[in-house]
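A.B. asks: Let me see the structure of the following:
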Amino acid sequence: MTGRPARGLLLRLAGPLQSWGTHSKYLWRDTALFPTRSGVIGMLAAALGRTRGAPIDDLTALSMTVRVDRPGVVLSDYHTVGGGLPADETVITVGRERRGEGKSTLVSKRQYLADAAFTVALTSDDELLHLCADALREPHWTLYLGRRACPPEGPVLLGTANDPLHHLVRIPLAAKKPRGGPQPVEFYSDRRLGALPVNSDAADSGDGDHHSGEITDEPLSFAPLEREYRPRRLYRRAAYLPEAEYGDFGTGYLKKLQSYIDTNLAEPQRSTR
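C.D. replies: Purely as a prediction, here's the structure:
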């Protein structure tokens with residue numbers, strides 16, 4: 001994150017429920033504690049109207065940094081699948097056969113983030129950013145936060161900016177001022193975070209220049225029978241932000257957010273599609 005600031009988009013991902021799976025398989029559907037690259041890129045592909053098997057090479061070139069406004073609470077939901085169906089319509093097994101009579105009902109456990117809110121900066125070249133901005137304003141397909149049961153609570157696109165990381169640490173937080181003094185705000189990225197332009201005199205937790213592990217959320221294909229992901233490095237930084245940037249909840253927060261957008265962010269162009 002050195003040299004000339006990149007141009008990018010700023011998104012707000014908030015809703016009653018979100019779910020960003022990283023190890024989901026068969027009857028166990030987990031969620032990461034923040035939006036994944038695969039989830040956000042999939043949302044952009046849906047907005048652009050791309051089919052499941054369409055190429056996504058241009059979208060995977062986007063760089064993504066996430067700010068955790070509210071971490072939310074992890075919920076586990078109990079599901080059953082396939083119960084009460086005729087023998088010829090029961091759930092198909094891994095061997096592509098129908099489950100036998102009396103074994104048709106499967107128990108599925110699924111995790112969600114409840115009441116979480118995130119602000120996301122995406123950077124790339126101008127042409128792709130314009131396409132994505134237009135698509136997010138008028139999406140081809142419905143947008144959702146990781147799963148179809150998780151719609152966003154409002155518009156996803158906040159606007160465009162010449163230096164999105166500058167704004168990522170200044171856009172009002174969707175949270176109350178922490179009790180008992182300042183608390184660090186988490187940032188996650190696919191790039192080093194040492195140069196994150198934090199406006200605070202308090203010391204950070206970690207320098208953000210050394211990756212904190214790997215996460216398997218880099219999509220190679222969304223094709224239904226050929227979904228493929230690969231691991232990538234995850235960079236994390238916990239930084240203190242000024243108390244003035246906490247926007248609280250409800251209409252007070254929304255007014256503060258809209259004031260910041262009107263003053264600092266470019267209005268995305270309307271789609272001509």
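A.B. asks: Partner strands of the longest strand belonging to the chain and their direction?
C.D. replies: Counting residues, the longest strand found in the chain (DSSP state E) is strand 106-123. Here strand 106-123 is paired, per DSSP bridges, with strand 8-18 (antiparallel), strand 28-29 (parallel), strand 63-70 (antiparallel), strand 73-81 (antiparallel).
A.B. asks: In PDB, could you pull the C-alpha coordinates for the first one?
C.D. replies: Only the C-alpha atoms of strand 8-18 are listed here, as PDB (Å, rounded to 0.1, in the frame of the first residue of the first chain):
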ATOM      1  CA  GLY A   8     -12.000   2.200  -5.300                       C
ATOM      2  CA  LEU A   9     -15.500   1.500  -4.100                       C
ATOM      3  CA  LEU A  10     -16.800   1.700  -0.600                       C
ATOM      4  CA  LEU A  11     -19.500  -0.800   0.500                       C
ATOM      5  CA  ARG A  12     -21.700  -1.200   3.500                       C
ATOM      6  CA  LEU A  13     -22.500  -4.800   4.400                       C
ATOM      7  CA  ALA A  14     -25.100  -4.900   7.200                       C
ATOM      8  CA  GLY A  15     -28.200  -6.800   8.000                       C
ATOM      9  CA  PRO A  16     -30.100  -8.900  10.500                       C
ATOM     10  CA  LEU A  17     -28.100 -12.000   9.400                       C
ATOM     11  CA  GLN A  18     -25.000 -12.700   7.400                       C
END
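A.B. asks: what packs against the helix or strand where Leu257 lies?
C.D. replies: Applying DSSP states H and E as the criterion places Leu257 in helix 250-264. Where contact means 3 or more C-beta pairs under 8 Å, 6 or more residues apart in numbering; DSSP states H and E, helix 250-264 is packed against strand 157-161. (Each C-beta comes from the backbone N, C-alpha and C, glycine too.)
A.B. asks: who's in contact with the strand it packs on?
C.D. replies: 7-12, 119, 129, 133, 136-137, 167, 171, 257, 261, 264-268 (C-beta atoms under 8 Å, 6 or more residues apart in numbering).
A.B. asks: rerun that using 6 Å as the cut-off
C.D. replies: Strand 157-161 is contacted from outside by 9-10, 12, 133, 136, 167, 261, 265-266, 268, using C-beta atoms under 6 Å, 6 or more residues apart in numbering.
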